[in-house]
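Asker: My questions are about this predicted structure, shown below with the sequence.
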Amino acid sequence: MSSGASYFRVGAQVVCEETNCYRVLPIGSTVRVKYVLVDSNSKTIRSETSWCPTSMSWSSIDEFIGKRSGGMVVITVISSCLLAVLLLLLGAVLLLDGFKYVLINPANKTVVAESVWSNNITLYSFVSLDYIPEILPYEASGRVTSSTIVLGQPLCYFNTLTQLKCSQSTCQVWAAIASGPGVNNFDIDKLEPVQIVSASPYPMAFSSQTNRMYFVTKLGRPKDFPCDQLPGIKYFRVGAAGNCTSTNCNGVLPPDSTVRVKYILIDPVSRGVVSESKWSYPISLTSMKSWSSIDEWIGKRSGGMVVITVISSCLLAVLLLLLGAVLLLDCLGSFRRGHDITT
């Protein structure tokens, strides 16, 4: 007899096609099992055990709270009370304009010393929109290059928002451009009590992986991007400012990189984010190819390119022949005219 528990798992063969394999049981079913002794020649049962008691399925479990143990009920009640207290404290903190420390005399319960009031506590909250910035849908050249991308403008993104700290004429529309971990870095920085417009300056944003890997640049105000349909193609080119050096300039993107963009609305007073769109889908920039890597062998040309080259060469040959014929006829005419004068 071997040590340890010996067992037989019914349904151990997940996928089987034989007649008598022990495949998985129906989900939520109730089954009973017995062992039988079968004659291998006649295939008849020679002996058998009794059926086992009914097995309980997961769907038959009574979830009534009265069936719980006393310890389970106590733990549930304590956890609920702690969660309620935590929510109350969080609500109280959100209502505070500031705080100060005081020293109280325990005998007469009077304040004997106190600090000054803290500065007003600024709570950073914002409205998330369902808009997703997209590459310009028109078939225009240069929509995605090795250092720039062309997106549709945030038309009507922030024009219907109300109860903001800034108005349609004072709020500022910016674009956040991130690569790799810059997406998570921006989402973290926007919640911190820092000025998001200077948290990751452009010149150093992509210089190394240890930097924040994102930058923000200003587009205008919500009234500059109305909901009315305007004539012409409205677009925003990321990287239009070239190799600039200011903190929030719209500089070129890192070569061979994949970037994502979102439009954000910033309060000019607190310099915090009050609304934002979703991140765009990843956009891969085109890769630059060295001219020396281009294979000029004619076998790599397409059939149309070969036909155009042959026709151009034939036309050039005909043109040269006609030019030669004209020059020859002109020379012969001059010779004949000179011969007639001498005679």
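Answerer: Here it is on my side, so go on.

Asker: Helices of the stretch 201-343 of the chain, residue ranges please.
Answerer: Taking DSSP state H, counting those that start in this stretch as the criterion, the stretch 201-343 of the chain contains helices spanning 202-205, 303-342.

Asker: after the helix-or-strand element of the chain with minimal mean pLDDT, next one along is what?
Answerer: Across the helices and strands of the chain, the lowest-confidence element by mean pLDDT, DSSP states H and E is helix 70-95, at a mean of 72. Once helix 70-95 ends, the next helix or strand along the chain (criterion: DSSP states H and E) is strand 102-105.

Asker: Name the surrounding residues that touch that next one.
Answerer: When contacts are taken as Cβ atoms under 8 Å, 6 or more residues apart in numbering, the neighbours of strand 102-105 outside the stretch itself are 110, 111, 112, 113, 114, 115. All C-beta atoms are positioned from the backbone trio N, CA, C, and that covers glycine.

Asker: Columns secondary structure on top of those residues, output as TSV?
Answerer: Below are the contacts of strand 102-105 laid out as TSV (DSSP: H, G, I helix; E, B strand; the rest coil):
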residue	secondary structure
110	strand
111	strand
112	strand
113	strand
114	strand
115	coil
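
Asker: and of those residues, the nearest to residue 47?
Answerer: Of all the contacts of strand 102-105, residue 115 has the smallest distance to residue 47: 88.8 Å, by Cβ to Cβ.

Asker: pLDDT at that closest one, what is it?
Answerer: Residue-level confidence at residue 115 comes out at 74, pLDDT.

Asker: Check the gap between it and residue 210 for me.
Answerer: Remark: distance between residue 115 and residue 210 (Cβ to Cβ, to the nearest Å) = 38 Å.

Asker: more neighbours, the two?
Answerer: For residue 115 versus residue 210, the count of surrounding residues by other Cβ atoms under 10 Å is larger for residue 115: 10 against 6.

Asker: ok, and the closest non-adjacent residue to residue 220?
Answerer: Excluding its sequence neighbours, the residue lying closest to residue 220 (Cβ to Cβ, 6 or more residues apart in numbering) is residue 173, at 5.5 Å.

Asker: That neighbour belongs to a strand, doesn't it?
Answerer: Yes: counting by three-state DSSP, residue 173 falls inside a strand.

Asker: can you tell me which residues contact it?
Answerer: With contacts defined as Cβ under 8 Å, 6+ apart, residue 173 is in contact with 154, 157-158, 218-222, 224-225, 263-266.

Asker: can you rerun that using 10 Å?
Answerer: When contacts are counted by Cβ atoms under 10 Å, 6 or more residues apart in numbering, residue 173 touches 153-154, 157-158, 218-225, 236, 263-266, 275.

Asker: Among these, name the buried ones.
Answerer: For those, a neighbour count by 16 or more other Cβ atoms under 10 Å gives the buried set as 153-154, 157-158, 219, 221-222, 225, 236, 263-266, 275.

Asker: related to what we said a few turns ago, where among the helices of the stretch 201-343 of the chain is average confidence lowest?
Answerer: Lowest mean pLDDT within the helices of the stretch 201-343 of the chain: helix 303-342, a mean of 81.

Asker: what about that helix, distance to the chain center?
Answerer: Using Cα atoms, centre = their mean, to the nearest Å, we find the averaged C-alpha position of helix 303-342 to lie 64 Å away from the chain's own average C-alpha position.

Asker: same thing with stretch 75-87?
Answerer: How far stretch 75-87 lies from its chain's middle: 36 Å, per Cα atoms, centre = their mean.

Asker: same thing with stretch 78-91?
Answerer: Counting by Cα atoms, centre = their mean, stretch 78-91 is centred 34 Å from the centre of its parent chain.

Asker: So what touches that stretch?
Answerer: Counting by Cβ under 10 Å, 6+ apart, stretch 78-91 has no neighbours from elsewhere in the structure.

Asker: list the buried ones in it?
Answerer: Along stretch 78-91, no position meets the burial threshold by neighbour count (16+ other Cβ under 10 Å).

Asker: now swap in stretch 144-156 and tell me
Answerer: Buried, per 16+ other Cβ under 10 Å, within stretch 144-156: 145, 146, 147, 148, 149, 150, 151, 152, 153, 154.

Asker: now the first one: how far from residue 315?
Answerer: Looking back up the chat, that one is residue 145. Applying Cβ to Cβ, one obtains 35 Å for the distance of residue 145 from residue 315.

Asker: and if you look at the last one?
Answerer: Distance of residue 154 to residue 315, given as Cβ to Cβ: 52 Å.

Asker: same question, the fifth one
Answerer: Distance of residue 149 to residue 315, computed by Cβ to Cβ: 41 Å.
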